[in-house]
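Student: have a look at this prediction, sequence included:
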Amino acid sequence: MKTVSATIEIAAPPMAVWTVLTDLSRYPEWNPLFREASGEVAVGKRIMLKSVRPANGRIMTVKPKVTVVEPGAELRWVASVPGIMSGEHSFTLRPAGDGTHLVQSESFRGLLVPFSAKTFASAEASFRALNEALNYVPRQANRFAPGRPYPVVWPDQLTSAPELDQRTLPAGQPP
């Protein structure tokens with residue numbers, strides 16, 4: 001078994017983070033790892049996630065089964081290629097002062113795990129990028145009217161919050 005994880009402190013309360021994290025239809029607007037997502041975030045349901053494979057740029061579609069939904073606390077799903085590799089992905093949120101301590105992790109099992117070092121390194125970098133985007137969106141979302149899109153934030157834009165504020169706020173809105 002191999003576990004990959006990334007941790008971040010988010011300057012928004014757990015329920016604000018949860019709202020963004022579980023709004024699958026809006027993933028294309030902010031999520032650098034899962035460029036498209038759909039489905040119902042409910043235990044026992046399958047969701048659809050599309051991501052770009054860092055190694056070759058190809059789109060990969062997975063349909064994991066949701067196993068844990070604890071609003072404001074934990075989201076977990078499992079996916080597998082039977083006999084080859086399986087993964088259990090989780091987001092764990094807990095209050096931290098005025099914000100949220102978020103741990104995103106995935107535990108991999110199966111025959112290919114010993115041969116997947118590059119994949120794990122790419123996964124860790126992707127998890128960090130997703131966490132950074134998730135850190136940014138809830139802090140900025142209150143600046144956008146309901147029904148208007150979240151700012152689009154891709155990994156190459158994640159340099160610093162002040163820069164992001166200037167690049168993603170609609171014209172005329174103060175940082």
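Tutor: Cool, got the structure.
Student: quote the end-to-end distance of stretch 24-41.
Tutor: 8 Å (Cα to Cα, to the nearest Å).
Student: buried ones in it?
Tutor: Judged by neighbour count (16 or more other Cβ atoms under 10 Å), stretch 24-41 contains these buried residues: 24, 26-27, 30-34, 37, 39, 41. (Glycine included, C-beta is placed from N, CA and C.)
Student: correct me if wrong: Arg46 contacts Thr67.
Tutor: No: contact criterion Cβ atoms under 8 Å: Arg46 and Thr67 do not qualify, at 11.0 Å.
Student: mind checking the SS state of Val20?
Tutor: Secondary structure assignment for Val20 (DSSP: H, G, I helix; E, B strand; the rest coil): helix.
Student: quick check: it vs Gly87, distance?
Tutor: Separation of Val20 from Gly87 (Cβ to Cβ, to the nearest Å): 22 Å.
Student: for the residue nearest to Leu24 when sequence neighbours are not counted, give its distance to Glu70.
Tutor: Leaving aside its sequence neighbours, Leu24 sits nearest to Ala37 (Cβ to Cβ, 6 or more residues apart in numbering; 3.9 Å). Distance, Ala37 to Glu70, by Cβ to Cβ: 19 Å.
Student: hmm, back to that, so who does the residue nearest to Leu24 touch?
Tutor: Shown in contact with Ala37 (Cβ atoms under 8 Å, 6 or more residues apart in numbering): 24-25, 27, 31, 47-50.
Student: now render the residues you listed as JSON lines, adding distance to Val137, pLDDT and secondary structure.
Tutor: JSON lines is the format used below for those (distance: Cβ to Cβ, whole Å; pLDDT from 0 to 100; DSSP: H, G, I helix; E, B strand; the rest coil):
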{"residue": "Leu24", "distance to Val137": "14", "pLDDT": "95", "secondary structure": "helix"}
{"residue": "Ser25", "distance to Val137": "14", "pLDDT": "92", "secondary structure": "helix"}
{"residue": "Tyr27", "distance to Val137": "11", "pLDDT": "91", "secondary structure": "helix"}
{"residue": "Asn31", "distance to Val137": "9", "pLDDT": "90", "secondary structure": "coil"}
{"residue": "Ile47", "distance to Val137": "19", "pLDDT": "98", "secondary structure": "strand"}
{"residue": "Met48", "distance to Val137": "21", "pLDDT": "97", "secondary structure": "strand"}
{"residue": "Leu49", "distance to Val137": "17", "pLDDT": "96", "secondary structure": "strand"}
{"residue": "Lys50", "distance to Val137": "19", "pLDDT": "95", "secondary structure": "strand"}
